[in-house]
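Novice: Here is the input, now give the coordinates:
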Amino acid sequence: MSEKRWVTFDCFGTLVDWRHGIATGIELVAPGKGRELLDVYNRHEPRVQREHPSMRYGDVLTEALRRTAAEAEIDLLEDDARVLTAGIPFWPVFPEVRQALRELREAGWNLALLTNCDRVIIGETQRRLQVRFDAVVTAEDSGAYKPAHHHFEYFEESLGVTRDRWVHVAQSYFHDMVPAGELDITRVWINRLDVSGAPSIAHAVRPDLSDLAATVAEVHRKRNG
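Specialist: The predicted structure follows:
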């Protein structure tokens, strides 16, 4: 088993502003509708992922946007349906993220991404993060989308990680906190949207990644005595 200490992250929503990216993409093909249709899109994407666990994320984005447009009675050109995939390399990183990642590296933590996207998309996104990650697990690698357990199990088994040396950090209660809790992985919930949910599901709750290195050190220390 590896003696390294790991912090794993969800990417979109935690490190990268997923809501801004989706809303801006919709706005390009349905002016004035971006924010209005964001929650509609957010209902369709996990359904597509459940129905097609082996579908690449770029195709998930396309199909979820088609369904969103159909529900809203918006006509999309065929090329329009790919607008979200085309825009991902330009989705913004949250302002405190790069510094938080650097501080974790300086404190001796290895960093990994457990992301519901494919290898091409995460490769394009990593250039914006500007901090090196030691491992990446995509839905393409694990064969399923979170909240299924596949990402966590694939990471654990492929790298020989033990749960006493692992903290998972994520924004999504549904996609990340719930499955990490089911697997008894130490976890920090980045509740950026101040949504309702049981805070006790996480070992710490933060509004963003500011001072994350201290939070990770504290939950790791408490969990391991």
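Novice: the longest helix in the protein is where?
Specialist: Scanning the chain for the helix with the most residues, using DSSP state H, yields helix 34-51.
Novice: so how far is it from its chain's centroid?
Specialist: 15 Å (Cα atoms, centre = their mean, to the nearest Å).
Novice: Can you pull out the residues in contact with it?
Specialist: Contacting residues not belonging to helix 34-51 are listed as 19, 22-27, 30, 55, 60-61, 63-65, 67-68, 71-72, 116, 139, 145, 174-175 [Cβ atoms under 8 Å, 6 or more residues apart in numbering]. Glycine gets a C-beta too; all of them are placed from N, C-alpha and C.
Novice: Run through the chain and note the low-pLDDT ranges.
Specialist: 1-2 (pLDDT under 70).
Novice: change it to 80
Specialist: Low-confidence segments of the chain (pLDDT under 80): 1-3, 196-199, 225.
Novice: can you pull out the strands in it?
Specialist: Using DSSP state E, the strands of the chain run over residues 6-9, 110-115, 135-138, 166-170, 186-190, 204-206.
Novice: Let me see the ranges of the helices in this protein.
Specialist: Applying DSSP H to the chain gives helices spanning 18-29, 34-51, 57-71, 83-87, 97-106, 119-129, 139-142, 150-159, 178-182, 212-223.
Novice: ok so, going back, let's have the strands of the chain in TSV, adding mean neighbour count.
Specialist: Compiled in TSV, the strands of the chain are given as follows (neighbours: other Cβ atoms under 10 Å):
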stretch	mean neighbour count
strand 6-9	25
strand 110-115	23
strand 135-138	20
strand 166-170	26
strand 186-190	25
strand 204-206	17
